[in-house]
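[1] kindly generate the corresponding structure for this input.
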Amino acid sequence: MPDPSLIDRFGRRIDYLRLSVTDRCDLRCTYCLPKGFKDFEEPADWLTFAEIERVVAAFVRLGTRRVRLTGGEPLLRRNLAELASRLKALPGLADLSLSTNATGLAQQAETLRRAGVDRLNVSLDSLRPERFARAAGRDALAKVLAGLDAARAAGFAPIKINTVVQAGLNEDELDDLVAYCLEHGFILRLIEAMPIGEGGRNAAYIDLQPHIQRLAERFSLTASTLELGGGPARYWRSHDGAFTLGYITPISQHFCATCNRVRLTCDGTLYLCLGQEDKLALRPLLRAGIDEAGLDAALRQAIDRKPERHEFREQPGKIIRVMAYTGG
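    Residues are numbered from 1 along each chain as shown. This next block holds a predicted model:
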């Protein structure tokens, strides 16, 4: 019997779909949405829940086991818990996670947990209100921290804190972030800024390698083979297992050889690589009445075109689209 999995021409098994449900966001993090950006997709162009369910069901039939709900800010999509419940019910889907800025999480954490969301990633670039406001364009740190408290109370575990490290903003705050995550039982993941869109190119990139080594020594961490969620992060752990530090280094130490993921935007565009423009427009196919066999075939053909790697170093100005559109 032939292998039903999605395997690209470089032998990589694609088993992880990042699904953007909206390109809207209530924050304006500089590396994600340029100041004054207004070129959002119209809601009529968004995939409906039924269309999203069809696409995700096709991916699951073809071996995808992990789906992450992203944006923009996914909590801005009305009735998100309903969509989560529908996706979680798909036979074969093993892990449904959510990336959020957490400004609306205090109101939705329990509902999302009941709907079947397994894990959360929360963006948090600073614990200092004035820095947070400068980075995010809004004084919303208190709401984010309240959202994290609500997520813990709802039973989410693990909760990962994603921090994009930038020179002149938060590179001197890493020890404080470690201490915060230690206190609350969160996993901290440090991320290098990527040159995606105008905002990403203007972000103050920092090579994370020296910071990782310093934190490993400071907090007695050792490299771990721990696999948490199937994404690109590599991890270090404390000897007693009380703290885990992850790092995502697409620039200083890229991980393209093991890439297992693709991204579906809110308007139904499937991007095969975050750092390339190779894509498949699924919305026209869905609205033209493509059947399940045709949808499966279209996905297989697209995965066969997945690029080998990004070119962030070689061509940093290549990607014009903003990160909020592509999805986290």
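
[2] who touches stretch 137-145?
    26-30, 35, 101-106, 122, 124, 126-129, 132-133 (Cβ atoms under 8 Å, 6 or more residues apart in numbering). Any C-beta I mention is one placed from the backbone N, CA and C, and that applies to glycine too.

[3] can you rerun that using 10 Å?
    With contact meaning Cβ atoms under 10 Å, 6 or more residues apart in numbering, stretch 137-145 is reached by 25-30, 33, 35, 100-107, 122-133, 135-136, 146-147, 161, 180, 184.

[4] filter these down to the buried ones.
    Neighbour-count burial (16 or more other Cβ atoms under 10 Å) applied to the contacts of stretch 137-145 gives 25-30, 33, 100-106, 122-127, 132, 135-136, 146-147, 161, 180.

[5] so of these, which ones are in helices?
    Assigned to helices by DSSP state H, the following of the buried ones among the contacts of stretch 137-145 qualify: 105-106, 132, 135-136, 146-147, 180.

[6] want to try a markdown table for those, with pLDDT and distance to Phe10 as columns?
    Output for these, formatted as a markdown table (pLDDT from 0 to 100; distance: Cβ to Cβ, whole Å):
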| residue | pLDDT | distance to Phe10 |
| --- | --- | --- |
| Leu105 | 98 | 37 |
| Ala106 | 98 | 43 |
| Phe132 | 96 | 40 |
| Ala135 | 91 | 36 |
| Ala136 | 93 | 37 |
| Ala146 | 98 | 44 |
| Gly147 | 98 | 39 |
| Tyr180 | 97 | 39 |
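
[7] pick out the most distant pair among these.
    Ala106 and Ala135 (20.5 Å; Cβ to Cβ).

[8] hang on, the earlier thing: could you dump the ones in helices among the buried ones among the contacts of stretch 137-145 to JSON lines with distance to Ile14?
    As requested, those are exported to JSON lines (distance: Cβ to Cβ, whole Å):
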{"residue": "Leu105", "distance to Ile14": "29"}
{"residue": "Ala106", "distance to Ile14": "35"}
{"residue": "Phe132", "distance to Ile14": "35"}
{"residue": "Ala135", "distance to Ile14": "32"}
{"residue": "Ala136", "distance to Ile14": "32"}
{"residue": "Ala146", "distance to Ile14": "37"}
{"residue": "Gly147", "distance to Ile14": "31"}
{"residue": "Tyr180", "distance to Ile14": "35"}
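
[9] wait, which of those residues is closest to Leu270?
    The nearest one, if we look at those relative to Leu270 and count by Cβ to Cβ, is Leu105, at 27.6 Å.

[10] hmm, the closest one is touching Leu148, no?
    Yes. Leu105 lies in contact with Leu148 (Cβ atoms under 10 Å); the separation is 7.2 Å.

[11] anything in contact with each of those two?
    120, 122, 156.

[12] quick one: Gly71 from Pro232, how far?
    In this view, Gly71 and Pro232 are 19 Å apart by Cβ to Cβ, to the nearest Å.

[13] those two: who's more crowded?
    Gly71 (29 against 20; other Cβ atoms under 10 Å).

[14] secondary structure class for the closest residue to that one other than its chain neighbours?
    Nearest non-adjacent residue to Gly71, counting by Cβ to Cβ, 6 or more residues apart in numbering: Thr22, 5.0 Å away. The assignment at Thr22 comes out as coil when based on DSSP: H, G, I helix; E, B strand; the rest coil.

[15] shaky segments in the stretch 101-250 of the chain?
    194-204 (pLDDT under 70).

[16] what segments of it are helices?
    For the stretch 101-250 of the chain, the helices defined by DSSP state H, counting those that start in this stretch occupy 105-115, 129-136, 141-153, 174-184, 197-202, 209-218.

[17] run the chain-centre distance for the second one.
    Taking Cα atoms, centre = their mean, to the nearest Å, one finds helix 129-136 lying 21 Å from the centre of the chain it belongs to.

[18] contacts for it, please.
    25-33, 101, 103, 123-126, 128, 138-142, 144-145, 164, 166, 168-170, 173, 203.

[19] helices or strands up against the helix or strand containing Arg54?
    Taking DSSP states H and E as the criterion, Arg54 maps to helix 49-61. Packing partners of helix 49-61 (3 or more Cβ pairs under 10 Å, 6 or more residues apart in numbering; DSSP states H and E): strand 16-20, strand 66-70, helix 80-88, strand 261-264, helix 282-287, helix 292-303.

[20] reformat these as TSV; add mean neighbour count, distance to Phe10 and mean pLDDT.
    Below are the helices and strands packed on helix 49-61 laid out as TSV (neighbours: other Cβ atoms under 10 Å; distance: least, Cβ to Cβ, whole Å; pLDDT from 0 to 100):
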stretch	mean neighbour count	distance to Phe10	mean pLDDT
strand 16-20	24	16	96
strand 66-70	24	20	97
helix 80-88	19	28	98
strand 261-264	24	14	94
helix 282-287	16	23	98
helix 292-303	16	11	97
